[in-house]
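> Model the following, please.
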Amino acid sequence: MTAAGWVTTAPTTPKSDDAQQSVITTSSLGENRLTQPSSSFSETPRARCEFYRRVCSLPTVVDPMTGRITMRAGLVGAVMMPTELAHQVKTTLDIRGVAPMPIIGHPRATMWTFLVRGDIVPIGDPAEVAQLWAARVVVIRDGDIALPSPAPDPLMIRTWISPAISAFRPSGSVVLECARQYLAGQPRR
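Residues are numbered from 1 along each chain as shown. Now for the predicted structure:
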C-alpha cells in the first residue's frame, strides 16, 4: 500500500512487446483505477527501432525472435576499434567540435564502434592496412551493424557510449584518419 492508500494489483492484459501493460490499482476504500506504466519502463525493441529510423535516420530492423536491432551498412558505415584507441579518437574529435558522435560500446570485447557516414574509400597501401589490422581497427562498409536494444541482454553485449540522438554522423574518413594519426604516434589537435 502506498502513502495515498492505493495498492497495485495484477496487470489487466498479457505482456507483449507491442502494447503497454495496464495495471489496476485499488484504494483502501475499494476504488479501482486503471493506469498505464511510465513509458521509461515499457520501451520495446520496436519502439527503439522506430526512434532510430525517424529521429536518427538509421535504416534499422528488429529480429522478432530475439529483439536484436540491426541495420545494413551502406550510406551509414562503422569504424570499430579497441576502447583505449577509441577514447583517444573521441577526445580529439570532441575537441574539434565533431558532435554528437554515435558510439556503441562492446564491454566484453573492449571495443567501441563509431557510426559514421559511408564515405571511407578503400585503402590502397598494404602497410596502412596491416597497421590497422594489427591495431584491431575494422571498417564496416558492407554487412550488418548491430545496435543497442532494450531487449534483455544478460551478457551486456552492446551499449551506447554516446547515443544516437540525431541524423548527424561524423565522416568515416575523419574518424579513420584520426585513428591512423594516433597509431602513427602523431595525434593532430
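> Using the three-state scheme, assign Ile104.
strand (DSSP: H, G, I helix; E, B strand; the rest coil).
> Which residue is the nearest non-sequential neighbour of it?
Thr113 (4.3 Å; CB to CB, 6 or more residues apart in numbering). (Glycine included, C-beta is placed from N, CA and C.)
> now the helices: where do they sit in the chain?
45-54, 83-96, 126-134, 172-183 (DSSP state H).
> closest one to Ala146 among these?
Nearest to Ala146 among the helices of the chain is helix 45-54 (11.9 Å), distances taken as CB to CB.
> for that closest one, which positions count as buried?
Within helix 45-54, the residues that qualify as buried are 45-49, 52, counting by 16 or more other CB atoms under 10 Å.
> now for that helix, which elements pack on it?
strand 60-62, strand 69-72 (3 or more CB pairs under 8 Å, 6 or more residues apart in numbering; DSSP states H and E).
> May I have that helix exported as PDB, CA atoms only?
Provided in PDB are the C-alpha atoms of helix 45-54 (Å, rounded to 0.1, in the frame of the first residue of the first chain):
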ATOM      1  CA  PRO A  45      12.800  -3.100 -29.400                       C
ATOM      2  CA  ARG A  46      10.200  -2.000 -32.000                       C
ATOM      3  CA  ALA A  47       9.800   1.500 -30.300                       C
ATOM      4  CA  ARG A  48      13.600   1.900 -30.200                       C
ATOM      5  CA  CYS A  49      13.800   0.800 -33.800                       C
ATOM      6  CA  GLU A  50      11.300   3.500 -34.800                       C
ATOM      7  CA  PHE A  51      13.300   6.100 -32.900                       C
ATOM      8  CA  TYR A  52      16.400   5.100 -34.800                       C
ATOM      9  CA  ARG A  53      14.500   5.300 -38.100                       C
ATOM     10  CA  ARG A  54      12.600   8.500 -37.500                       C
END
